[in-house]
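Chemist: Need coordinates for the following:
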Amino acid sequence: MEIRRRRILFSLLTQATKSTNYRRRCVAWKPIFCCFTNWVQYRISWRSINSSAALSSNSASTTHADSGGEEEELVKQICGQLQQRRWASVQAATRSLVLLRTCNTTPQSLFRVFMANPQSKPAVFNLVMNAYVEVKMITEAAETFYIMKEHGILPSLSSCNFLLEALVVSRKTDKTWEIFSEMMTMGVSPDVFSFNKVIHSFSREGRLDEAIGLLSRMDQMGCKPDTFSYNVIINGLCKRRQMEGAGKLFNEMLSRRLVPNHITYNTLINGYCKIGVLENAFEIRGRMLAQGLVPNLVTYNSLINGLCKSGRVEQARGLLNEILERRLVPDNVTYSILIDGHSRLGDIHGALELHRQMVRDGFAISIFTYSVLLNAICKQGKMRVAEELFDEMTRRGLAPDEVVYNTLIDGYSSLGNMDEALRLHQEMGKRGIMPTVITYNSLIKGLARTSNIEEALKLLKEMHTVGLVPDTVTYNTLIDGHAKSGNIEECFRLLDEMQEKGLAPVVITFGALINGLCKEGRLQEAEDLLKEMTSRNISPNRQVYNTLIDGYCRLGHMQEAFSLHNEMQRNGITPNIISYNALINGLRRESKMLEAEDLLTSLVDEGLTPDVLTYNSIIDGYTSSGDTHKAFQLFQEMQKKGLEPTVITYHALIDGLCREGKMQKVEELYNQMLHKNLFPDVVTYNLLIHGYSKFGNLHKAFELFDEMKGKNIFPDEITYNGLLKGLCIEGKMQEAHELFIKMAERGLLPNLNTYSILIDGHCRLCNIMEAFKLQREMVEKGLTPDALVYCELINGLCKEDRRQESELLLNEMQEKGLLPSDFTIDRPIDKNFQLSNMYQGAEPARTSLVNS
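Modeler: Down below sits the predicted model:
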């Protein structure tokens, strides 16, 4: 073979040298040059291969030398089979060649080898490119395409399309467009398939304008778009909720006399369902039926999903019946959607009934369906039902995954049952299921809610240990937990830490910090954070404004609260009922009830509906100011509007009636409360005990005292103070002293009001020595006597005509700033009168239990 090649080369050289014409000489030299070049390249290529194999062999392995021989043999096979047009064999051999994945099977190496082989044909490079695509070596396939372009070898359309399809599957949109453009530059005319691949790629990446532009380009090149061309763009528009554009394309498709298929209709139906425009979805289904296409399970699942998300579960159940009537078989997706629909409405019974139906019908229920059902049950806190379902799932041979465990852990954490949540966390590890960031976030949230911040921080460290990176939710949960516990400095430390880790604080982060500062009364710092939010281009939400408004209202700074209310509206945030309730409650605290009622009218004019909290605030305001008549008018009004009173509503009304001594009406109201299945709490009993004690029915007060203990409602300091007040009014100081001892035995510390009541009782009976003894005792216990205690002692001294001592005590009051500076008394008789009036005026403040 080698000798024959040399003879041919010598003959050509002889002919070329004999030619005298320049043009003929050039023509004669051309085949010589090509032949010589091919021969040299061929020799160099295989010398390179043999050299490479020899080096590899010397370095450690003989297998590479064998592969070098295998490469040479495969190349010879390919070239020989090309001559014989044995395409299947050529394709198989080419695929085997590229699968060797050696340095000699790179696109550049193979190009040199095939170019050097005289039996090679340009078609071999299409086969090489196809082989690379088949074995998923997409980068090498693209490189082969560019080598062919560089050397003027025109790739076939089928090979280009094969490469385009692979690039689309690999989600390489830019490279797809690049190859497509180069095809046209090289003179390869794209067909519908080529255009569709690029359109598909653009549509999937959201580059819809470019995709639509290619439809026009197709027309210009005489390449008519088909149903697939429109389907992929319609799908891209639907995924991005651009249903108007999708509808226009659908109509354009019809105007071109293209026939929509199941994919077209299902895509549009699903798109309309996702944006909640169900009328359009059902209209498209009508068109589908008119065309003679029978809706399939995908159609029904989309419609059922849309109905369930809109809360129209009964209508969705009707579609389930229609599926069965059409003899279609609902799948796990169908039932999962319906189960989720029932769950969204809080209808766990309906969701479980569907689950039982699946079991009866012999469905192989998937882990996904169990996850949906468990999620709904856990959100309602029905963990025992969740446990039963979990056990059933494992009995059916389904291994719980991290989603199932995360759902259960979150359920227990939300209820504060951290022992069970942490047990499940350990069980995950034993089953070889790695906890995720979501797992830890649920546990940290639960621990933070139960004020177990230290354990939450330990879990944060554990996350780092297992290689998980805490996210913004993790830090927000911890910051919120510390803020609620009053650990503001720790909140700011965590804020710094999250920023150091590259996590930017969001509106929830700032909201938690502002909430913590407001609870501590640090309103200026909270407002500074509000300004920092805006400087970071983080828009405060309604919750942030409501927190600040409530903070200012609690401190009585109503001007600042209303200023923020106005700023909120200027920034385009509409106040909600929580915003108005905070302002109304603030006005109530300031006893500005007319303004509070005006605000009630305003919120109704704004289209908002007052809730129970709104009415509770205004009712309490009127009872505190002594206008129980107006309070009961509002009580009737709220019930006419369908709002059920709460225990808090009754607290305000009972307190108002007790202030006025209307104990018969108090009893009627209490019975009404019980009739509504509202259970009295410690505040209810304290109000009743105080009222009956104050107005002389001490027997009833002690009956209620025994009743509350029988219901395991533990009396507190206010309970004992009410009973002590009643005993002191009746002059039963010995019994009062015994009750005072029992109070201490129960671990309840007497407060300033307790001592004030006892001192007043002794002073009323002229036991001034006992009164002063109690005054010394309270000072020893760290309690500072207030103006009322001084007034009680002075009144006691005045009753015994110990005017000099009363004047000394009065001077002591003035020195401590407990009386107005202009409080002067000229005559002893006037003094006694004024002090008595002062005491009577202050008594409601001392005995009121609403503010307690």
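Chemist: Skipping adjacent residues, who's closest to the residue nearest the centre of the chain in space?
Modeler: For the chain, Val473 is the residue whose C-alpha lies nearest the centre (CA atoms, centre = their mean; 8.5 Å). Using CB to CB, 6 or more residues apart in numbering and skipping the chain neighbours, the partner closest in space to Val473 is Asn441 (5.1 Å). Quick note: C-beta positions are derived from backbone N, CA and C, even for glycine.
Chemist: Hmm, the one you found is touching Thr477, no?
Modeler: Yes. Between Asn441 and Thr477 there is a contact at 6.3 Å, judged by CB atoms under 8 Å.
Chemist: can you pull out the helices in the stretch 501-650 of the chain?
Modeler: For the stretch 501-650 of the chain, applying DSSP state H, counting those that start in this stretch gives helices covering 507-519, 523-535, 542-554, 558-570, 577-589, 593-605, 612-624, 628-640, 647-660.
Chemist: re earlier: could I have the helix or strand hosting the residue nearest to Val473 exported to CSV, CA atoms only?
Modeler: For Asn441, the host element (DSSP states H and E) is helix 437-449. Output in CSV follows, covering the C-alpha atoms of helix 437-449 (Å, rounded to 0.1, in the frame of the first residue of the first chain):
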residue,chain,number,x,y,z
VAL,A,437,-32.7,23.7,57.1
ILE,A,438,-36.6,23.4,57.2
THR,A,439,-36.3,20.8,60.0
TYR,A,440,-34.1,23.0,62.1
ASN,A,441,-36.2,26.1,61.4
SER,A,442,-39.3,24.3,62.7
LEU,A,443,-37.4,23.2,65.9
ILE,A,444,-35.9,26.6,66.5
LYS,A,445,-39.3,28.2,66.0
GLY,A,446,-40.9,25.9,68.6
LEU,A,447,-38.1,26.4,71.1
ALA,A,448,-38.3,30.2,70.6
ARG,A,449,-42.0,30.1,71.2
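Chemist: show me where pLDDT drops low in the stretch 151-300 of the chain?
Modeler: Applying pLDDT under 70 to the stretch 151-300 of the chain flags no residue at all.
Chemist: any chance of the helices of the stretch 501-650 of the chain in TSV, plus mean neighbour count and distance to Arg312?
Modeler: Shown next, in TSV, are these (neighbours: other CB atoms under 10 Å; distance: least, CB to CB, whole Å):
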stretch	mean neighbour count	distance to Arg312
helix 507-519	23	32
helix 523-535	15	40
helix 542-554	23	29
helix 558-570	16	35
helix 577-589	23	27
helix 593-605	15	30
helix 612-624	24	29
helix 628-640	16	31
helix 647-660	23	35
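Chemist: between those helices, which gets nearest to Leu724?
Modeler: Nearest of the helices of the stretch 501-650 of the chain to Leu724, taken as CB to CB: helix 647-660 at 16.6 Å.
Chemist: Show me what that closest one is in contact with.
Modeler: Residues from elsewhere that reach helix 647-660, judged by CB atoms under 8 Å, 6 or more residues apart in numbering: 612, 615-616, 619-620, 622-624, 626, 628, 631-632, 635, 638, 663, 665-666, 669-670, 673, 678-681, 683-684, 687-688, 690-691, 694-695, 844, 848-850.
Chemist: need the next SSE after it, C-terminal direction.
Modeler: Downstream of helix 647-660 (by DSSP H and E), the next one is helix 663-675.
Chemist: packing partners for the next helix or strand along the chain from that next one?
Modeler: Going down the chain from helix 663-675, the next helix or strand is helix 682-694, by DSSP H and E. Under the contact criterion of 3 or more CB pairs under 8 Å, 6 or more residues apart in numbering; DSSP states H and E, helix 682-694 touches helix 647-660, helix 663-675, helix 698-710, helix 717-729.
Chemist: pLDDT at the residue nearest to Val473, what is it?
Modeler: Looking at Asn441, its pLDDT reads 94.
Chemist: Report the separation between it and Asp410.
Modeler: 9 Å (CB to CB, to the nearest Å).
Chemist: roughly how far out does the helix or strand containing Glu140 sit from the chain middle?
Modeler: Take DSSP H and E as the rule and Glu140 turns out to sit in helix 138-150. Centroid separation for helix 138-150 versus its chain: 46 Å, with CA atoms, centre = their mean, to the nearest Å.
Chemist: Can you give me the buried ones in the very next helix or strand once past that helix?
Modeler: Per DSSP H and E, the first helix or strand lying C-terminal to helix 138-150 is helix 157-169. Buried residues in helix 157-169, counted by 16 or more other CB atoms under 10 Å: Leu157, Ser159, Cys160, Asn161, Phe162, Leu163, Leu164, Glu165, Ala166, Leu167, Val168.
Chemist: wouldn't the third one be in contact with Met148 here?
Modeler: When you say that, I think you mean Cys160. No. Applying CB under 8 Å, one finds Cys160 not in contact with Met148, separated by 10.1 Å.
Chemist: if you count what's nearby, which of Asn441 and Asp410 comes out ahead?
Modeler: Under the criterion of other CB atoms under 10 Å, the comparison of Asn441 against Asp410 puts Asn441 first, with 24 against 21.
Chemist: Distance of that one relative to Thr474?
Modeler: Applying CB to CB, one obtains 5 Å for the distance of Asn441 from Thr474.
Chemist: returning to that earlier point: show me the one of the helices and strands packed on helix 682-694 that comes nearest Gly236.
Modeler: It is, among the helices and strands packed on helix 682-694 and with distance given as CB to CB, helix 647-660, at 53.7 Å.
Chemist: Ile479 is in what secondary structure piece?
Modeler: Going by DSSP H and E, Ile479 is in helix 472-484.
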